[in-house]
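Enquirer: sequence and predicted structure are below.
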Amino acid sequence: MDYAPHDLSPRERYKVLTGFVLPRPIAWVTTIGPTGVVNAAPFSFFNVFCEDPPLCMFASNLRPDGRVKDTVINIERTGVFVVNLTDEPLARAMHDSSGDFPPEIGEPDYLGLKLAPSTKVVVPRLADAPWAMECKTWKRIDINNRQLFMGEGIHFHIRDDLWDRDAMRVHMDRYHPVGRMFADRYCRTDDRIEFPAAPVVAGT
Ligand SMILES: Cc1cc2nc3c(=O)[nH]c(=O)nc-3n(C[C@H](O)[C@H](O)[C@H](O)COP(=O)(O)O)c2cc1C
């Protein structure tokens, strides 16, 4: 089977792209509204892609009815956000926070999620997240009304139980991130495999 993208509707392209490119990491983005309401929403068009400076990206589509998402409105106003990651204990709340909440109701407040102050940005982070990165907008690109935000990480928070300070490594046996499959499906990441070092092949 093969397709040229223009033979598919945008919805069908979405299904091809998100049905195969998985599991995807999930950014649980916190932002702050004009009256101080803290907003949280998950985005799986997300990744990190540079460490010098530390850069992440996520992309927000419009809502099905054409409304701009609160996350986008808030970042456009403040220029800052926090990317929080999710592990198994938080996964259900992360999923529920993707529901349709009016801007005056903050998802963390409604779902009973603990917040903690950030260090360099006005937006609080999710206190129980395994990892959180305070970000300032590095670049925003408008792609047919979808907004691609690139964020520069200006402060990292790591949950103490997950970090081996001496080795500068994650305690992988304690870290249980979830990945997004498609639609409302997720995967656990505990069934891991390891390979020996890849070969180094000399050229002629
Ligand atoms: C796991 C997961 C991943 C999601 N990824 C995206 C995404 O990459 N882009 C997007 O526009 N919406 C995505 N959504 C939908 C948003 O989370 C949802 O529209 C949310 O209500 C937006 O909230 P806001 O208006 O508070 O910003 C995702 C939802 C879930 C559950």
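Expert: Nice, I can see it.

Enquirer: what about the residue sitting nearest the centre point of the chain, distance to Asp191?
Expert: By CA atoms, centre = their mean, the chain has its centre lying nearest to Ala27, at 0.9 Å. Noted for Ala27: a distance of 24 Å to Asp191, by CB to CB, to the nearest Å. C-beta: built from backbone N, CA, C; applies to glycine.

Enquirer: same thing with Arg180?
Expert: Where Asp191 is concerned, Arg180 sits at a distance of 17 Å (CB to CB).

Enquirer: which of those two has more residues huddled nearby?
Expert: Per other CB atoms under 10 Å, whichever of Arg180 and Asp191 has more neighbours is Arg180, with 23 against 6.

Enquirer: dig out what that one forms beta bridges with.
Expert: Here Arg180 sits in beta bridges with Arg24, Tyr186, going by DSSP bridges.

Enquirer: quick one: residues contacting it.
Expert: Counting by CB atoms under 8 Å, 6 or more residues apart in numbering, Arg180 touches Leu22, Pro23, Arg24, Pro25, Ile26, Pro42, Ser44, Tyr186.

Enquirer: contacts only, for the second one.
Expert: Yep, that's Pro23 we're talking about. If you count contacts by CB under 8 Å, 6+ apart, Pro23 has them with Gly179, Arg180, Met181, Tyr186, Cys187, Thr189.

Enquirer: count of neighbours near the first one?
Expert: For Gly179, the tally of surrounding residues (other CB under 10 Å) stands at 16.

Enquirer: quick check: it touching Val21?
Expert: No - here Gly179 lies out of contact with Val21, judged by CB atoms under 8 Å, at a distance of 11.1 Å.

Enquirer: what touches both of those two?
Expert: Residues touching both Gly179 and Val21 by CB under 8 Å, 6+ apart: none at all.

Enquirer: re the thing from before, neighbour-wise, which one of the contacts of Arg180 leads?
Expert: Neighbour counts for these, by other CB under 10 Å, peak at Ile26, which reaches 25 neighbours.

Enquirer: pLDDT at it, what is it?
Expert: Here the pLDDT value assigned to Ile26 is 98.

Enquirer: for the ligand, see how far away it is.
Expert: 5 Å (CB to the nearest ligand atom, to the nearest Å).

Enquirer: pull the contacting residues for that residue.
Expert: Pro42, Phe43, Ser44, Phe46, Leu85, Thr86, Met94, Val178, Gly179, Arg180.

Enquirer: and it, backbone torsions?
Expert: phi -120, psi 120 (degrees, to the nearest 10).

Enquirer: how close does Arg63 get to Pro108?
Expert: 20 Å.

Enquirer: compare neighbour counts for these two and give me the winner.
Expert: Neighbour count, other CB under 10 Å: between Arg63 and Pro108, Pro108 has more, with 22 against 11.

Enquirer: quick one: the more buried one is in a helix?
Expert: Yes - assigned with DSSP: H, G, I helix; E, B strand; the rest coil, Pro108 falls within a helix.

Enquirer: check contacts around it.
Expert: Going by CB under 8 Å, 6+ apart, Pro108 touches Thr30, Val38, Ala40, Ser97, Lys114, Leu115, Pro124, Leu126.
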